[in-house]
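S.K.: Structural data only, the sequence is not supplied:
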């Protein structure tokens, strides 16, 4: 099995397990499982994208990463400083990629 297929399979497996056990554990595990599945799918789309689709997929990748970090470390119900930090990191990363492609 290819690495991407293995990562996607384990991600879906973790999501299914989180979905089935969230009633017996903290409800946050379901949201964490969903967030990591969205992040893995966004990453797989980003890896295979080209051109303008790469830029659009990078936006979704950073949004998915922010969602996972919100679920793990921050309060996902509040708009807090971590959203501003992720926006700044996205902006810096996009400028870096743009300058790198121009040189």
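M.R.: Sure, I can see it. What you see is a predicted model, and the numbers here were worked out from it, not measured in a lab.

S.K.: where in this protein is pLDDT low?
M.R.: Along the chain, segments meeting pLDDT under 70 span 1.

S.K.: What strand or helix carries the spatially closest residue to residue 37 that is not a sequence neighbour?
M.R.: Nearest residue to residue 37, sequence neighbours excluded (C-beta to C-beta, 6 or more residues apart in numbering): residue 15, at 4.4 Å. In this view, the C-beta of every residue, glycine as well, is placed from N, C-alpha and C. Taking DSSP states H and E as the criterion, the element that holds residue 15 is helix 3-21.

S.K.: Quick check: buried residues in stretch 56-64?
M.R.: 57-58, 60-62, 64 (16 or more other C-beta atoms under 10 Å).

S.K.: give me the number of residues near residue 32?
M.R.: Neighbour count of residue 32, defined by other C-beta atoms under 10 Å: 19.

S.K.: what's near enough to touch it?
M.R.: If a contact means C-beta atoms under 8 Å, 6 or more residues apart in numbering, then residue 32 has 18, 68, 71-72 as its contacts.

S.K.: And for residue 2?
M.R.: Contacts of residue 2 (C-beta under 8 Å, 6+ apart): none.

S.K.: can you do 10 Å?
M.R.: Listed by C-beta atoms under 10 Å, 6 or more residues apart in numbering, the contact partners of residue 2 are residue 8.

S.K.: what do you get for residue 36?
M.R.: 10-11, 14-15, 18, 64, 67-68, 71-72.
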